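A.B. asks: model this:
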Amino acid sequence: MNHVLIPVTLNNFKSVSFWKKLTKNISSKSFPPILHSEVPMTLPLDINPDDVSDWYINKFKSRFEQAFNDSHKNNIQAFLGEFEYAFLKYIVRQSEKNALERWMDLIQAVYNAGERSVELSPDLFINFVYVVQYQFDLLKKEDLQPNTKLLAGVEKIIEDMRDVGTDKLIKHAQDFENYLLNRGIKI
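C.D. replies: Below you'll find the model as predicted:
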């Protein structure tokens with residue numbers, strides 16, 4: 001197959017390079033990635049009021065924790081691979097609403113992950129802001145409007161990355177914020 005692809009690669013180096021960035025984390029070993037569907041946890045209706053704090057401390061998991069820790073077993077490449085695949089599946093086939101929903105769910109899960117998650121898995125968040133920028137590059141300006149589900153909470157991830165305070169996280173948070181501002185997105 002390579003003999004067929006080599007001329008395409010040579011003639012379209014920029015496109016091939018961009019495609020590689022969009023698919024960096026999608027593994028051929030487990031293709032296609034599973035589009036998971038975590039169920040948000042809610043407080044049991046029959047819980048004793050004295051046990052509410054204990055439930056939140058010991059049992060509750062955020063959507064991010066369910067997706068990253070449970071569905072992907074803390075595997076950054078698997079998590080980002082599903083994120084990339086969901087986006088591309090929707091972009092290529094606009095009728096794939098489940099892929100769009102999964103992509104949006106993962107975006108919101110990351111935006112709302114919180115400082116503790118950023119601190120525990122900084123490389124995931126650094127790589128996420130790169131991946132999402134490549135994805136946003138394929139979207140029209142009207143898709144990236146403030147007060148939409150796509151951008152609701154984007155300021156939280158930037159703030160959490162800054163608040164964790166490592167030089168690397170602060171730099172990537174600033175780069176992401178600058179990218180959004182250059183796209184005309186005020187946060």
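A.B. asks: which residues touch the residue minimising distance to the centre of the chain?
C.D. replies: For the chain, the residue whose C-alpha lies nearest the mean C-alpha position (CA atoms, centre = their mean) is residue 107; its distance is 4.5 Å. The contact partners of residue 107, by CB atoms under 8 Å, 6 or more residues apart in numbering, come to 83, 132, 150. In this view, the C-beta of every residue, glycine as well, is placed from N, C-alpha and C.
A.B. asks: Quick one: the helices in this protein, in order.
C.D. replies: Under the criterion DSSP state H, the chain contains helices at 2-11, 13-22, 52-58, 63-65, 76-92, 97-111, 115-120, 122-136, 154-164, 167-182.
A.B. asks: Can you say which of the ones you listed is nearest to residue 34?
C.D. replies: Closest of those to residue 34 is helix 76-92, at 7.0 Å (criterion: CB to CB).
A.B. asks: mind checking how far residue 92 is from residue 124?
C.D. replies: 25 Å (CB to CB, to the nearest Å).
A.B. asks: Comparing these two, which residue is more hemmed in?
C.D. replies: residue 124 (21 against 9; other CB atoms under 10 Å).
A.B. asks: is it true that that one touches residue 68?
C.D. replies: Yes. Under the criterion of CB atoms under 8 Å, residue 124 makes contact with residue 68 at 6.9 Å.
A.B. asks: Just to check, residue 25 is in contact with residue 128?
C.D. replies: No. Residue 25 lies out of contact with residue 128 (CB under 8 Å); the separation is 10.1 Å.
A.B. asks: Please identify every residue contacting each of these two.
C.D. replies: 80, 83.
A.B. asks: Who has more neighbours out of those two?
C.D. replies: The residue with more neighbours, out of residue 25 and residue 128, is residue 128; 24 against 19, by other CB under 10 Å.
A.B. asks: any weak-confidence spans in this protein?
C.D. replies: The chain contains residues with pLDDT under 70 at 1-11, 60.
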